[in-house]
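1. Sequence and predicted structure, then a few things I'm wondering about:
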Amino acid sequence: CKAETMNTRWAWFSLFLLSVHCEQCASPTKCLLTAYADLFSQDSCDRAQAIATCFESTGVCDSAMKDLCAVQKRSGNCVPTQCDQSQFNTFHQQFLDSVNANRIHDYSALLSTKPHIAGSPNDKQTAEDVYKKFKDSGLESELETIPVMLSYPDTRKVEITAPASAKYQLQLDEKYLTSTGQKYWNDAIKTFNAYSASGTASGKVVFLNYGREEDFLAATAAGVQIKDTIVLVKYGKIYRGNKAALAEKYGAKGMLVYLDPADVGFLRGKVFPEGPWATNTTVQRGSMWLGNGDPLTPGWGATEDGPVLTLDEINSGDWNDPLPKIPIQPIPWGDAYHITQEITVGTLPDKAWAGGLNVTNVGPGPVEVSMDIKMILNRTNIWNVYGRIQGSVEPDRVVYMGSHRDAWTYGTCDPIASMAPMMEIAGIMGEMLKSGWRPRRTIQLCSWDAEEYALVGSTEFVEKRIAFLKSNAVMYFNMDGIVDGFQKVTASAVPSFKTLLEDNMRLIDYNSTHKLKDLYIALDKVGSGSDQHSWLVEATISVIGEVAISNDPDIYSVYHSNYDNMYWMEKFGDPGWKMHAIMTRFVGRVLLQLVDNAVLPFNLSDYSAQLQSDVSELSKVAGVDVSPMTAALKRLKAQTDKVTAQQATLRSQPVTPSSFATLRKMNDKLMNFERVFFGDTDITGHRLFHHVLWAPGRFNSYSGVAFPSVGDALHVKDTKKANWLIKRIALYFDQAADYLDDSSL
């Protein structure tokens with residue numbers, strides 16, 4: 001039974017059958033595995049593992065594990081996996097030791113020297129750069145072209161038309177700062193808000209603070225007329241698209257939005273380029289649509305010849321959130337000042353609204369503004385890039401990590417402060433492969449496009465592959481601008497990953513005297529605003545939403561502006577790229593544990609504990625009866641604690657072929673736990689939201705909320721519906737307990 005004689009799969013299969021029936025099977029088994037490994041390279045190891053497991057589990061061959069290890073160590077294409085778990089630790093240390101700040105700096109320069117808005121030639125070039133890096137690192141690589149509908153500015157004109165003494169045409173755009181040496185300035189897109197409606201609008205201006213629901217309510221309670229006005233609001237506090245939706249709801253004709261210098265400007269300190277803070281011409285671009293993915297294909301993956309909606313169907317609201325129906329334009333605070341000085345009627349509902357421009361009145365008027373905004377809606381190509389390393393033991397279990405690559409302008413911080421670390425991770429893993437490492441599970445690195453518009457690239461990926469992902473995805477680890485300072489660490493994730501993240505923070509050095517954990521604030525709920533959204537909310541796959549290191553107060557005032565560039569990062573954000581290196585070690589170590597640990601590092605006890613806390617908060621609302629939840633959650637907590645104890649036992653035991661089935665059962669239980677909470681529109685309240693426990697906040701998509709449908713009912717004071725929904729969600733707690741209970745049928 002030498003390798004050269006086994007030239008077909010039928011031959012090795014026949015030998016396998018003979019080996020099973022051989023009383024003295026050790027030698028034939030070894031011969032079989034040796035031949036199989038020689039003939040079929042790495043793929044053979046996966047199958048040889050299954051064969052050896054079969055031998056030992058049936059009691060036919062006690063030496064199967066030993067023989068498999070001998071084969072794996074001898075073969076150049078097949079390395080120890082389950083044979084020696086400690087080898088993984090050696091490779092993980094190799095990763096930590098290899099992270100290089102200078103290399104990450106160079107990746108940042110490669111990807112953010114030129115503006116590269118989604119769908120542009122520069123964007124495609126960055127896709128090709130990432131693809132080349134993945135491929136050169138030895139990853140199985142793919143560059144996928146996806147046709148989607150994006151929005152670009154055409155005409156942008158905003159004027160103060162009254163009173164006559166105040167007539168002024170707003171500048172709208174940032175000033176070029178020669179001292180920064182910034183190149184390719186004219187390649188950058190002009191200031192605009194994506195998916196704004198095209199059209200003209202004119203009217204008196206009403207100032208509504210941050211444009212939150214409470215601001216609109218305070219103004220209307222004070223008798224302020226909003227209908228048929230132009231609304232002026234500050235950026236901040238909530239997602240900008242929620243501001244636009246509220247302005248439209250209250251009957252405004254148009255909306256202008258600016259950065260308040262009290263939040264991010266001269267009242268904080270020196271402005272760019274002498275300091276990190278926003279200038280009087282800094283403008284934040286950004287999308288104003290509340291939906292996610294390609295507007296033309298809500299719920300299914302976009303393809304060249306696939307079905308698409310019409311604009312009328314998009315705006316009907318039957319498929320997804322409709323596009324904005326009013327023109328919207330971001331402006332610098334220098335322009336906003338000209339307007340606010342002419343608002344001389346209407347007392348501010350709250351003096352705190354005044355902000356850095358010292359606004360004294362709410363309006364409307366007497367100042368009047370005209371807007372002429374024309375947008376181009378194009379179906380254009382975007383480009384996702386994928387790099388995959390096949391798992392050696394569980395190749396059908398895939399851990400995904402992603403960062404978007406597109407930027408409104410240069411994007412050195414958002415998103416390249418995540419994309420550059422991912423390129424470093426790919427490069428180091430390529431070197432680890434050369435050293436003999438093979439991950440236990442499959443890793444897929446994803447470089448998303450058009451995130452800035454509506455999480456488009458990632459959403460189309462999930463919707464196109466949702467059946468595979470729900471069967472095979474272990475989890476999704478999102479990264480998005482993970483460095484814009486150096487003083488505090490924040491994170492968001494489903495509760496299963498609380499312990500994993502915090503334990504790794506305790507192990508990563510921040511400096512010679514402190515660990516990363518010393519800067520950590522708390523684990524936040526997962527909201528929207530980045531590429532984790534469709535994975536969790538649409539596919540109910542466990543996610544780490546975001547991890548980041550920033551300043552307190554946050555100095556990242558150049559967000560989505562032309563000043564988010566290498567100069568700002570080198571001078572203020574992260575001189576020397578030291579934090580980039582620290583965060584790369586952190587996210588890389590977490591990723592490797594998810595990939596290589598024999599027992600997945602999920603903690604379901606943390607999950608049930610968070611649910612208990614959320615139910616406790618809900619119980620404080622008058623008229624709400626959480627007793628159905630409390631009873632079901634008690635049983636779920638008992639089951640999650642039981643699973644956590646079983647995980648600890650498995651971790652303490654050696655990994656052998658006979659334990660493969662036990663490990664697989666446990667890991668699948670952990671992996672699929674999130675899927676238990678997949679619900680329907682009746683309980684989630686949104687056609688494309690399926691998770692009954694977590695969703696973006698209805699009035700701030702950036703934030704995550706628990707039991708979103710209950711919150712929506714309470715918002716409209718429908719306690720009866722809220723209590724009905726509580727009973728429905730309690731049934732999911734029972735289902736989750738049944739799912740974890742091995743004795744349950």
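-> Right, received. Where do you want to start?
2. Tell me where this structure is predicted with low confidence.
-> 1-85, 744-745 (pLDDT under 70).
3. mind running it again at 50?
-> Scanning the chain for pLDDT under 50 picks out 1-47, 52-83.
4. Look up phi and psi at residue 349.
-> Backbone torsions for residue 349, taken as degrees, to the nearest 10, come to phi -60, psi -30.
5. which element is the closest residue to it other than its chain neighbours on?
-> Closest residue to residue 349 apart from its sequence neighbours, by Cβ to Cβ, 6 or more residues apart in numbering: residue 218 at 4.0 Å. Yep, even glycine has a C-beta here, placed from its N, CA and C like the rest. Residue 218 belongs to helix 213-221 when assigned by DSSP states H and E.
6. can you check residue 561 too?
-> Using DSSP H and E, residue 561 falls outside every helix and strand.
7. what sits against it?
-> Counting by Cβ atoms under 8 Å, 6 or more residues apart in numbering, residue 561 touches 174, 278, 282-285, 408-409.
8. Spatially, which residue comes closest to residue 437, not counting chain neighbours?
-> Counting by Cβ to Cβ, 6+ apart, the residue nearest residue 437 is residue 91, at 4.2 Å.
9. rewinding a little: give me the contacts around the helix holding residue 218.
-> The set of residues external to helix 213-221 that reach it, using Cβ under 8 Å, 6+ apart, is 206, 208-209, 226, 233, 246, 250, 349-350, 353, 362, 699.
10. sorry, back to before: state whether the residue nearest to residue 437 is indeed within a helix.
-> Yes: assessed by DSSP: H, G, I helix; E, B strand; the rest coil, residue 91 belongs to a helix.
11. Distance-wise, check it relative to residue 121.
-> Shown here: residue 91 relative to residue 121, a distance of 39 Å by Cβ to Cβ, to the nearest Å.
12. More neighbours: which of these two?
-> residue 91 (19 against 9; other Cβ atoms under 10 Å).
13. what's near enough to touch the more buried one?
-> Contacts for residue 91 (Cβ under 8 Å, 6+ apart) come out as 432, 435, 437, 592, 596.
14. now residue 522
-> Residue 522 neighbours (Cβ under 8 Å, 6+ apart): residue 490.
15. Kindly indicate whether it is helix, strand or coil.
-> From three-state DSSP, the assignment for residue 522 is strand.
16. cool, and residue 154?
-> Using three-state DSSP, the structure places residue 154 in strand.
17. What number of residues are in the vicinity of it?
-> Applying other Cβ under 10 Å, I find that residue 154 has 11 neighbouring residues.
18. now swap in residue 227 and tell me
-> Here the number of neighbours of residue 227 (other Cβ under 10 Å) works out to 12.
19. Wait, it touches residue 248, no?
-> No: with contact defined as Cβ atoms under 8 Å, residue 227 and residue 248 do not form a contacting pair (11.1 Å).
20. Please produce CSV containing the contacts of residue 561, extended by secondary structure and distance to residue 444.
-> Listed next are the contacts of residue 561 as CSV, based on DSSP: H, G, I helix; E, B strand; the rest coil; distance: Cβ to Cβ, whole Å:
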residue, secondary structure, distance to residue 444
174, coil, 37
278, coil, 37
282, coil, 37
283, coil, 36
284, coil, 32
285, coil, 30
408, coil, 26
409, coil, 29
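21. CSV for those residues, including neighbour count and distance to residue 332?
-> Below are the contacts of residue 561 laid out as CSV (neighbours: other Cβ atoms under 10 Å; distance: Cβ to Cβ, whole Å):
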residue, neighbour count, distance to residue 332
174, 23, 7
278, 30, 9
282, 28, 6
283, 30, 5
284, 24, 10
285, 23, 12
408, 27, 15
409, 27, 14
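22. ok, the residue nearest to residue 287 when sequence neighbours are not counted to residue 231 distance?
-> Excluding its sequence neighbours, the residue lying closest to residue 287 (Cβ to Cβ, 6+ apart) is residue 194, at 4.1 Å. Residue 194 is 18 Å from residue 231, where distance means Cβ to Cβ.
23. Between these two, which has more neighbouring residues?
-> residue 231 (31 against 26).
24. Show the contacting residues for the residue nearest to residue 287.
-> Contacts for residue 194 (Cβ under 8 Å, 6+ apart) come out as 150-151, 285-289, 452-454.
25. Show me which of the residues you listed is closest to residue 314.
-> Using Cβ to Cβ, residue 289 comes nearest to residue 314 of the contacts of residue 194, at 9.8 Å.
26. give me phi/psi at the residue lying closest to that closest one once chain neighbours are set aside?
-> Of all residues not flanking residue 289 in the chain, residue 195 sits nearest, at 4.0 Å (Cβ to Cβ, 6+ apart). Per-residue torsions, residue 195: phi 70, psi 10 (degrees, to the nearest 10).
27. Is residue 195 in contact with residue 456, as I believe?
-> No: assessed by Cβ under 8 Å, residue 195 is found out of contact with residue 456, at 11.2 Å.
28. more crowded one of the two?
-> The neighbour count for residue 195 versus residue 456, taken as other Cβ under 10 Å, is higher for residue 456 (31 against 23).
29. contacting residues around the nearest residue to the more buried one once chain neighbours are set aside?
-> Closest residue to residue 456 apart from its sequence neighbours, by Cβ to Cβ, 6+ apart: residue 450 at 3.6 Å. Contacts here follow Cβ under 8 Å, 6+ apart; on that basis residue 450 touches 118-119, 148, 150, 382, 404, 406, 456-457.
30. The same query, at a cut-off of 6 Å, please.
-> Residue 450 sits next to 118, 382, 406, 456-457 when contact means Cβ atoms under 6 Å, 6 or more residues apart in numbering.
31. What is the nearest of the residues you listed to residue 562?
-> Closest approach to residue 562 among the contacts of residue 450 (Cβ to Cβ): residue 406, at 15.4 Å.
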